[in-house]
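> only geometry, no sequence info:
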């Protein structure tokens, strides 16, 4: 679309798809500019779940809050993806604060970057309890370095508590064991998402493809 190329921004919702393994994802790419929010509103009627992309430099902006209100009115589940993690002005902690101020404590960190800012190549996934590092076009999966273990456990505890609240059986397991397994966490997330009981936060970097496959 020539007008979009001239403006350097999406102005209309665009239909596309992606495949991973045996799963096909149908995607409606919506314009991020507030002036063209009509494309978002109309797309909500055809979607099962929304991925809210948040700029890790700025955190939640006015447009983010507006989009969030439309999602709430439509009762649509929401996953949050932090983008531009390799920018020199990236501020992960501030971004998380603004997300929780806007969307409440049900917004939980599923991943956090190891080295936010210029050269960001790694993030820690608290669900799998592993570190993912981009090495060229490949992703290396390693154990979490000792210096990030405490932070990973803190975020993991938060996501476990929210996941357990989505299912009575999981709550019983949590009270008995004071934790959940990876499979049990995923069960709670999958059950909590449609009810808008959990908004998991993932790390991506569109320019380098960091975290995109894991998000899918």
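Okay, I see it. Keep in mind that what you see is a predicted model, and the values were worked out from it rather than measured.
> Check which residues of stretch 176-192 are buried.
180, 184-185, 187-189, 191-192 (16 or more other Cβ atoms under 10 Å). In short, each C-beta sits where N, CA and C put it, glycine included.
> distance between the helix ranked longest in the chain and the chain's centre?
In the chain, assigned by DSSP state H, the helix with the most residues is helix 149-164. In terms of Cα atoms, centre = their mean, to the nearest Å, the centre of helix 149-164 is set 15 Å apart from its chain centre.
> And for the helix or strand of the chain with the lowest mean pLDDT, what's in contact with it?
The helix or strand of the chain with the lowest confidence, counting by mean pLDDT, DSSP states H and E, is helix 2-7 at a mean of 72. For helix 2-7, the surrounding residues in contact (Cβ atoms under 8 Å, 6 or more residues apart in numbering) are 10-12.
> How about stretch 129-141?
114, 121-125, 128, 142-145, 148, 152, 156, 182, 208-211, 213-214.
> Pull out the buried members of those.
114, 121-125, 128, 144, 152, 156, 210-211, 214.
> Strands along this protein, start to end?
14-20, 23-29, 50-55, 78-83, 107-109, 111-113, 122-125, 130-135, 138-142, 199-203 (DSSP state E).
> how about these in CSV, adding mean pLDDT and distance to residue 63?
Below are these laid out as CSV (pLDDT from 0 to 100; distance: least, Cβ to Cβ, whole Å):
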stretch, mean pLDDT, distance to residue 63
strand 14-20, 91, 18
strand 23-29, 92, 16
strand 50-55, 94, 10
strand 78-83, 96, 14
strand 107-109, 96, 17
strand 111-113, 96, 23
strand 122-125, 96, 25
strand 130-135, 93, 28
strand 138-142, 93, 31
strand 199-203, 97, 17
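> Reformat those strands as TSV; add distance to residue 174.
Output for the strands of the chain, formatted as TSV (distance: least, Cβ to Cβ, whole Å):
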stretch	distance to residue 174
strand 14-20	30
strand 23-29	29
strand 50-55	27
strand 78-83	22
strand 107-109	15
strand 111-113	21
strand 122-125	20
strand 130-135	22
strand 138-142	27
strand 199-203	17
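> out of the buried ones among the contacts of stretch 129-141, who's nearest residue 43?
residue 211 (23.3 Å; Cβ to Cβ).
> Give me the spatial nearest neighbour of the closest one, chain neighbours excluded.
residue 204 (4.2 Å; Cβ to Cβ, 6 or more residues apart in numbering).
> so where is the protein shaky, pLDDT-wise?
1, 35 (pLDDT under 70).
> repeat that for 50
Along the chain, segments meeting pLDDT under 50 are nowhere present.
> Quick check: end-to-end length of stretch 138-157?
Stretch 138-157 has an end-to-end distance of 30 Å (Cα to Cα, to the nearest Å).
> swap in stretch 99-119?
End to end - Cα to Cα - stretch 99-119 spans 24 Å.
> What residues sit buried inside that stretch?
Those would be 99-100, 102-103, 106-114, 116, for stretch 99-119 by 16+ other Cβ under 10 Å.
> Make TSV from those residues and add distance to residue 138 to it.
Converted to TSV, the buried residues of stretch 99-119 look like this (distance: Cβ to Cβ, whole Å):
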residue	distance to residue 138
99	30
100	34
102	35
103	34
106	34
107	31
108	29
109	25
110	22
111	18
112	21
113	18
114	17
116	21
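> from the residues you listed, which is closest to residue 71?
Nearest to residue 71 out of the buried residues of stretch 99-119 is residue 103 (Cβ to Cβ; 9.5 Å).
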